[in-house]
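# Build me a model from this:
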Amino acid sequence: MAQDFKNDSLEVYSELHLDNQLCFSLYSLSRKVIQNYTPLLKPLDLTYPQYLVMLVMWQGLEDERKGLAVSQLTDKLKLDTGTVTPLLKRMEAKGLLSRQRSEKDERIVIVSLTTAGIDLREAAKHIPQALLCQADVDNKHLIKLRETLKAVLRVLP
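Coordinates of the predicted model:
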């Protein structure tokens, strides 16, 4: 009788298998990618979350943006203020950025790159390509994956 239950339930519960979960595949991939970034970021004395902050800030240089409100930074990074604020404090202590209250509204904290933070961009420019070289996957597949993930992010509540 126990054998009958086992065979009958295999089909019904296969969607609950770990390997069939989209969330687990995304989680595992994310951990693996971050793990591969770590040795590339170590010479720059950056953690992966700090690297993400720097990417946003460096992109702002292209727009000739002098600074970014913490709230704008948290929106771009999809992180909450409680996570980003300690990160910014550590980066400020490293001399990569500065935080100042807005003159227009003291509730707003503006984050700006220091000269050292700007200079670090040159040392980091090889990182995306170095990571891609580690993956034995066609660039077209990776670009398609990135675009698919962005599309899913846009529609999830």
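
# which ones are touching the residue most central in space within the chain?
Residue closest to the average C-alpha location in the chain (C-alpha atoms, centre = their mean): residue 52, at 5.3 Å. Contact partners of residue 52, counting by C-beta atoms under 8 Å, 6 or more residues apart in numbering, are residue 77. For every residue, glycine as well, the C-beta is placed using N, CA and C.

# And the pLDDT at it?
Looking at residue 52, its pLDDT stands at 97.

# That one and residue 141: what is the separation?
Residue 52 sits 23 Å away from residue 141, going by C-beta to C-beta, to the nearest Å.

# State the number of residues packed around residue 96.
24 (other C-beta atoms under 10 Å).

# so it makes contact with residue 119?
No. Under the criterion of C-beta atoms under 8 Å, residue 96 makes no contact with residue 119, lying 9.6 Å away.

# and the gap between the closest residue to residue 135 other than its chain neighbours and residue 29?
Leaving aside its chain neighbours, residue 135 sits nearest to residue 142 (7.0 Å; criterion: C-beta to C-beta, 6 or more residues apart in numbering). As judged by C-beta to C-beta, residue 142 and residue 29 stand 11 Å apart.

# and what of residue 40?
In terms of C-beta to C-beta, residue 40 sits 17 Å off from residue 29.

# ok, the two, which is more surrounded?
Shown here are residue 40 and residue 29; by other C-beta under 10 Å, residue 40 has more neighbours (18 against 12).

# what's the pLDDT at the nearest residue to that one once chain neighbours are set aside?
Excluding the flanking residues, the one nearest residue 40 by C-beta to C-beta, 6+ apart is residue 127, at 5.0 Å. With respect to pLDDT, residue 127 scores 95.

# max-length helix in this structure?
When the chain is scanned for its longest helix (criterion: DSSP state H), the result is helix 22-41.

# For that helix, list the C-alpha coordinates in CSV.
C-alpha atoms of helix 22-41 as CSV (Å, rounded to 0.1, in the frame of the first residue of the first chain):
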residue,chain,number,x,y,z
LEU,A,22,13.0,28.6,-10.8
CYS,A,23,13.9,30.4,-7.5
PHE,A,24,16.6,27.8,-6.7
SER,A,25,18.2,28.0,-10.1
LEU,A,26,18.3,31.8,-9.8
TYR,A,27,19.6,31.6,-6.3
SER,A,28,22.3,29.1,-7.2
LEU,A,29,23.4,31.0,-10.3
SER,A,30,23.5,34.3,-8.3
ARG,A,31,25.7,32.7,-5.6
LYS,A,32,28.0,31.2,-8.3
VAL,A,33,28.4,34.5,-10.2
ILE,A,34,29.1,36.4,-7.0
GLN,A,35,31.6,33.7,-6.0
ASN,A,36,33.4,34.2,-9.3
TYR,A,37,33.4,38.0,-8.9
THR,A,38,35.1,37.8,-5.5
PRO,A,39,38.7,37.1,-6.7
LEU,A,40,38.3,39.7,-9.4
LEU,A,41,37.2,42.4,-6.9
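
# With that, I have no additional questions.
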